[in-house]
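Q: Sequence and predicted structure below; questions after.
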Amino acid sequence: MKIQRLLISGIPGTGKTFIGNYLGNNFNFFHFDMEYEENLKKFMQEPEKTLSELLTKKQNVVITGGFQTSESAFNLVKTLINSGFVFVWFEGNHDNARREFIKRNTVPTQLFDEKIVELKKNYSKIIGLKPIIINTFDSKNLFKKPEQLVKEITKR
């Protein structure tokens, strides 16, 4: 794998954390999961210091997390892109993503629906950041194999 710094975001239920863990376990990436409250808090309180720590890692870095649509979140993504991170957007059929989200049973399903509405309102702004867009579901509405997703990420 040639890519050294990845930022993976996208709609809920599309496997962002899963692929981050896969990259960590199989390709020696340091996985910084923004879904962990302590990581998110660290990045929001000390963005420059946290970014510096990630950039000086002696291993590849993948940051994963749901997309926030605040101006500060957009600015953070721009900063990461300008620091050499490849921005990947995980997309997929919303019914499939919703099904996967519900399986996790970690937060109310209503949050999925609210997030989809929020992301739809901001989609053109997200696309303006020029992410690599990857549909994480196959033609049978199942998650693609992680090897396939890695291929799709790295072929661009």
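A: Perfect, I can see it now.
Q: Only C-alpha atoms from now on, for both contacts and neighbour counts.
A: OK.
Q: And stretch 91-107, what's buried?
A: With burial defined by 16 or more other CA atoms under 10 Å, the residues of stretch 91-107 counted as buried are 91, 92, 94, 96, 97, 98, 100, 101, 102.
Q: Next, residue 8: phi, psi?
A: phi -110, psi 120 (degrees, to the nearest 10).
Q: Does the residue of the chain most remote from its centre belong to a helix, a strand or coil?
A: Farthest-out residue of the chain from its mean C-alpha position, per CA atoms, centre = their mean: residue 140, at 22.8 Å. The three-state label for residue 140, taken from DSSP: H, G, I helix; E, B strand; the rest coil, comes out as coil.
Q: what residue ranges in this protein score low on pLDDT?
A: Applying pLDDT under 70 to the chain flags the ranges 1, 156.
Q: which residues in it form strands?
A: Read by DSSP state E, the chain holds these strands, from start to end of the chain: 5-10, 29-33, 60-64, 86-91, 132-135.
Q: could these go into JSON lines alongside distance to residue 115?
A: As requested, those are exported to JSON lines (distance: least, CA to CA, whole Å):
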{"stretch": "strand 5-10", "distance to residue 115": "10"}
{"stretch": "strand 29-33", "distance to residue 115": "18"}
{"stretch": "strand 60-64", "distance to residue 115": "16"}
{"stretch": "strand 86-91", "distance to residue 115": "13"}
{"stretch": "strand 132-135", "distance to residue 115": "18"}
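Q: Those: which one's closest to residue 71?
A: Between residue 71 and the strands of the chain, the shortest gap by CA to CA is with strand 5-10, which sits at 15.9 Å.
Q: neighbours around the closest residue in space to residue 22 that isn't next to it in sequence, how many?
A: If you skip the residues right next to it in sequence, residue 22 has residue 146 as its closest partner in space, 7.2 Å away by CA to CA, 6 or more residues apart in numbering. Using other CA atoms under 10 Å, residue 146 has 16 other residues around it.
Q: quick one: residue 146 and residue 118, what's the gap?
A: Plainly put, residue 146 is 28 Å away from residue 118 if you go by CA to CA, to the nearest Å.
Q: Pretty sure residue 18 is one of the things residue 24 touches, is it not?
A: No. Counting by CA atoms under 8 Å, residue 18 is not a contact partner of residue 24; they are 9.9 Å apart.
Q: who has more neighbours, these two?
A: Under the neighbour definition other CA under 10 Å, residue 24 and residue 18 were set side by side, and residue 24 has more, 18 against 12.
Q: Next one: the more buried one relative to residue 116, how far apart?
A: Distance, residue 24 to residue 116, using CA to CA: 28 Å.
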